[in-house]
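# Here's my sequence, what's the structure:
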Amino acid sequence: MTSHRTAGSIYDGFSPRGQHALATLRAEFQDAGFYAEKERRTERTLRVYPVRRWRYPLLNPGIVAARQNWIVPVTKVSIVCPVYSDGDDLISRLLASLPSITDCTYVAARPRRSGRYLLHGSFVVPITFSGERSGLTIDFRPVRPVLAHLQLQLSRADVPGSWKE
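Residues are numbered from 1 along each chain as shown. Predicted coordinates for the structure are as follows:
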């Protein structure tokens, strides 16, 4: 769980509190079966792959406050995971055919390049807090089955021919 007692904001991946939240989030992704790189102090999100490093899709999860005028509308505090690839059509087809995942929304984006990466869309997973107002923590328990299901679905991109449209 992520404590709110360190300096800064959980929404700012550069602050001590944000770095702690990212470290906790990284552990949750790893527990769900993802390959999650060590968080970098120069980045405000993580680099997460469904199976192993450099095997797309690449997710860049971070913790985001509610906001409407952003890449995707976020109605409550959430883990937002933009999904990137190197332009592989298999990833596009996989994302288009994903079954719905309870408590997870996929928002497709108009494909656009960000450097060498192609943005496909974003997964939005709402999170909740527990504890007293002065010591709130992120409650990752409801998110764990969502991440496990997401990892299972996205790992199909690593096994050609193992899924059908």
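# I'd like to know how far residue 67 sits from residue 75.
Separation of residue 67 from residue 75 (Cβ to Cβ, to the nearest Å) stands at 9 Å. Where you see a C-beta, it was placed from the backbone N, CA and C, and this is true even at glycine.
# Between the two, which is the more surrounded one?
residue 67 (14 against 11; other Cβ atoms under 10 Å).
# For the residue lying closest to that one once chain neighbours are set aside, what are phi and psi?
Leaving aside its sequence neighbours, residue 67 sits nearest to residue 74 (Cβ to Cβ, 6 or more residues apart in numbering; 5.4 Å). Residue 74 adopts backbone torsions of phi -120, psi 110, taken as degrees, to the nearest 10.
# check contacts around residue 74.
64-68, 80, 124 (Cβ atoms under 8 Å, 6 or more residues apart in numbering).
# Out of those residues, which is nearest to residue 95?
Distance ranking of the contacts of residue 74 against residue 95, using Cβ to Cβ, places residue 124 first at 13.9 Å.
# packing partners for the one helix or strand the closest one maps to?
Element membership for residue 124, per DSSP states H and E: strand 117-126. Packed against strand 117-126 by the contact rule (3 or more Cβ pairs under 8 Å, 6 or more residues apart in numbering; DSSP states H and E) you find strand 78-85, helix 89-96, strand 105-114, helix 144-154.
# Given the helix or strand that comes right after that strand, what are its sheet partners and their directions?
Per DSSP H and E, the first helix or strand lying C-terminal to strand 117-126 is strand 128-130. Sheet pairing here is set by DSSP bridges, and for strand 128-130 it gives strand 137-139 (antiparallel).
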